[in-house]
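Chemist: Take this sequence and fold it.
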Amino acid sequence: MKKVVIGMIGCGFAARLHLEGYKKIYGIEVCIKAASAVGDKKVIEDFARDAGIETIYEDYRHMLTDEEIEVIDICTPPFLHEEMVIDALKAGKHVICEKPLTGYFEQNNKDQDIGFAVAKSEMYQSVMNSLKRIEDAVSISKKQFMYAENWIYASGVQKIKELLIAKNSKILFIHAEESHNGSHAYHAANWKYTGGGVLIRQGCHPISGVLYLKQAEAEMRGEEIQVESVLADVGVTTAGLSEEEHVYIDAHPVDVEDLANITITFSDKSKAHIISGDMVVGGMRNCMDVYTNNAVHKCSINPNTSLVSYHADEVGLSDVYIAEKVGTKQGWQFVGLEEEVMRGYAGELQDFMECAAYDRKPLSDFKIAYDTAKVMYAAYQSAEENRRICLIDHTEVREDLC
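Modeler: Purely as a prediction, here's the structure:
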């Protein structure tokens, strides 16, 4: 049996999701040899103990010198991604990187609300430069870059891809959404930590899912389909809420948006409409509707109706998981079943381990990560300048074709 040895960077929510995924890998032996994280030492020690990891590094660069480690799994905030990805690739490691790949953070101006102070056109160019540096490192390394975008591996999205190919369908329009009721994370409110608001925190998921299906369609047809333009509107819908009215919505943006509305036009003139927001009470809303010339596919990642339960009260349910970000367990509930499969986490890490073991390309690769970041920051520029942004290649924004 093939064996893959992993070093993990980060010990937060995403890292623990990955740990659960690794437990379900089949056909390959997975060994998590070491972990590294900054901050409270006790947190990383607890993480390592729970995962059975023997070696802890305060500086991830020391972990990169371990020749036995083949894969570096990066589960850190996105403002750390670029340096870590490039360092790991230069060290000859395959890389798994959480989403989004990169963004605009400007860590030199920590006391400034950069979401207000910096032009989005400047952010776009900075992100494109970051993507180019990572792209060069990936190309030179000849190692696998694996983009941890679970939407691509969600059961419904993978089935839609199968049906599209079987029917030789032409995608005409896609509507996709990921919305929450806010975020408890302190960094979600500040651009300097997250690189934006709900567009980058949540919108990255449906954007990647849309790009993946259009990429699959292009490959099926032997064509090249590119993003031709992006038109977006973003805003802060919760600004008018009092503290009492905020009780069910944990969104307190400082210099970021809590709602984003994006239209993507592709070079084949098909379109996609993407929503991301922090205004959904009662749990997450992750969905995708795909309209083609010969079929319609309606995918509800969550909530879905695999199990719908009603409880007159919450007695006895305190330790029972219902679904992520559900405010109450009373009343009708859409119960999450096999969420690690339905939401793509199991398929994602299974694919990545097979890629590392057999050195093959993942379904969620660098191109998806690159194009997602490019679309997101073109959307930010579109919203700020109140115009359509036309994208014709990987290096510039053009107005003359709009």
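Chemist: list the buried ones in stretch 181-200?
Modeler: Within stretch 181-200, the residues that qualify as buried are 181-183, 188-200, counting by 16 or more other CB atoms under 10 Å. In short, each C-beta sits where N, CA and C put it, glycine included.
Chemist: Those residues in helices, which ones?
Modeler: The members of those that map onto helices under DSSP state H are Trp191, Lys192, Tyr193, Thr194, Val198, Leu199, Ile200.
Chemist: re the thing from before, which member of the buried residues of stretch 181-200 is positioned nearest Lys90?
Modeler: Gly195 (23.4 Å; CB to CB).
Chemist: can you give me phi and psi for that closest one?
Modeler: Main-chain torsions, Gly195, degrees, to the nearest 10: phi 80, psi 20.
Chemist: ok, how many other residues are close to the residue nearest to it when sequence neighbours are not counted?
Modeler: With CB to CB, 6 or more residues apart in numbering as the measure, Gly103 is the residue that lies nearest to Gly195, at 2.5 Å, once sequence neighbours are left out. Taking other CB atoms under 10 Å as the neighbour definition, Gly103 ends up with a count of 24.
Chemist: Format the ones in helices among the buried residues of stretch 181-200 as a markdown table; extra columns: pLDDT.
Modeler: Listed next are these as a markdown table, based on pLDDT from 0 to 100:
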| residue | pLDDT |
| --- | --- |
| Trp191 | 93 |
| Lys192 | 89 |
| Tyr193 | 87 |
| Thr194 | 90 |
| Val198 | 97 |
| Leu199 | 98 |
| Ile200 | 96 |
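Chemist: For Asn190, list the residues it contacts.
Modeler: Counting by CB atoms under 8 Å, 6 or more residues apart in numbering, Asn190 makes contact with Asp113, Gly115, Val254, Asp255, Val256.
Chemist: Let's see that with 6 Å instead.
Modeler: Counting by CB atoms under 6 Å, 6 or more residues apart in numbering, Asn190 makes contact with Val254.
Chemist: State the pLDDT value of it.
Modeler: Asn190 carries a pLDDT value of 90.
Chemist: same question, Lys42
Modeler: 80.
Chemist: Same check on Glu399?
Modeler: The score at Glu399 is 49. That number is its pLDDT.
Chemist: how about the buried residues of stretch 181-200, which pair is most distant?
Modeler: Based on CB to CB, the longest span within the buried residues of stretch 181-200 runs between Asn181 and Lys192 and measures 23.5 Å.
Chemist: picking up where we left off before, so the residue nearest to Gly195, which state does it fall into?
Modeler: Classification of Gly103 into helix, strand or coil gives coil, according to DSSP: H, G, I helix; E, B strand; the rest coil.
Chemist: these two touch, right, it and Pro78?
Modeler: Yes. Between Gly103 and Pro78 there is a contact at 5.4 Å, judged by CB atoms under 6 Å.
Chemist: thinking again about what came up before, so which of the buried residues of stretch 181-200 would you say is closest to Asp59?
Modeler: Minimum separation from Asp59 among the buried residues of stretch 181-200 (CB to CB) is found for Tyr193, which lies at 21.1 Å.
Chemist: wait, isn't that closest one in contact with Ala185?
Modeler: No. Contact status for Tyr193 versus Ala185: not in contact, 8.7 Å apart, counting by CB under 6 Å.
Chemist: Can you work out which residues contact both of Gly103 and Pro78?
Modeler: Among the neighbours of Gly103, those also in contact with Pro78 (CB under 6 Å, 6+ apart) are Gly195.
Chemist: What are the boundaries of the helices in the stretch 101-250 of the chain?
Modeler: Taking DSSP state H, counting those that start in this stretch as the criterion, the stretch 101-250 of the chain carries its helices at 114-117, 120-141, 150-153, 155-167, 191-194, 198-201, 204-221.
Chemist: Next, format these as CSV and append distance to Glu354.
Modeler: Putting the helices of the stretch 101-250 of the chain into CSV (distance: least, CB to CB, whole Å) gives the following:
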stretch, distance to Glu354
helix 114-117, 40
helix 120-141, 19
helix 150-153, 12
helix 155-167, 15
helix 191-194, 31
helix 198-201, 29
helix 204-221, 18
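Chemist: Please identify the most buried of those.
Modeler: helix 198-201 (a mean of 28; mean count of other CB atoms under 10 Å).
Chemist: Now do the contacts for Ser306.
Modeler: The contact partners of Ser306, by CB under 6 Å, 6+ apart, come to Leu337.
Chemist: again with Gly347
Modeler: Per CB under 6 Å, 6+ apart, neighbours of Gly347: Tyr153.
Chemist: nearest to Val341, of the helices of the stretch 101-250 of the chain?
Modeler: When these are compared by CB to CB, helix 155-167 sits nearest Val341, at 6.0 Å.
Chemist: Distance from the closest one to the middle of the chain?
Modeler: Between the centre of helix 155-167 and the centre of its host chain there is 21 Å, according to CA atoms, centre = their mean, to the nearest Å.
Chemist: quick check: mean pLDDT across that helix?
Modeler: Mean predicted lDDT for helix 155-167 stands at 96.
Chemist: Right, I'll call it a day here.
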